[in-house]
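Engineer: sequence unknown, structure follows:
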């Protein structure tokens, strides 16, 4: 079977020959999707990437320290608890405080930027409850 189709592949023209290259090449929406200016922007400050990934880096450091002190089992147990707590949330139209996740991380007694300037009454996700639930359940 493979020998019978090899003669078809030998004479076919590769797709790359059809695409234009150079300064006048058009953007192919079907293959590459829509362009976004946000993807082309560079960080405006050197610390911006560090601040975006701060919680992830801190979690990795805490897990490495915990693994070195108590062993692999403690890290795995804590990661399973994190995953379980992240799955539990309120309905999509209600603001979720994630207090259990903050308690596991030890951030429940800290006052941060998001505690003061993250007012849920001014949130843009507030919408029609029935429509949001139907969307989450896949009924729309």
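Structural biologist: Looks like it came in fine. As the structure is a prediction and not an experimental result, all values here were calculated from the model.
Engineer: Run a quick neighbour tally on residue 85.
Structural biologist: 17 (other Cβ atoms under 10 Å). For the C-beta atoms, the positions are set from N, CA and C on the backbone; glycine is no exception.
Engineer: Can you tell me the element it falls in?
Structural biologist: Residue 85 belongs to helix 72-87 when assigned by DSSP states H and E.
Engineer: how about that helix: buried residues?
Structural biologist: Burial within helix 72-87, assessed by neighbour count using 16 or more other Cβ atoms under 10 Å, is assigned to 75, 78, 82, 85.
Engineer: Quick check: the last one touching residue 104?
Structural biologist: In this case it means residue 85. Yes: Residue 85 is within contact range of residue 104, at 6.2 Å (criterion: Cβ atoms under 8 Å).
Engineer: per-residue confidence averaged over stretch 78-96?
Structural biologist: Mean per-residue pLDDT for stretch 78-96: 84.
Engineer: Likewise for stretch 44-59?
Structural biologist: Stretch 44-59 comes out at a mean pLDDT of 85.
Engineer: gap between the two ends of it?
Structural biologist: End-to-end distance of stretch 44-59 (Cα to Cα, to the nearest Å): 25 Å.
Engineer: Can you redo the buried residues of helix 72-87 as CSV, where the extra columns are distance to residue 59?
Structural biologist: Listed next are the buried residues of helix 72-87 as CSV, based on distance: Cβ to Cβ, whole Å:
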residue, distance to residue 59
75, 11
78, 9
82, 8
85, 13
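Engineer: so which of these comes closest to residue 45?
Structural biologist: Nearest to residue 45 among the buried residues of helix 72-87: residue 82, at 29.3 Å, using Cβ to Cβ.
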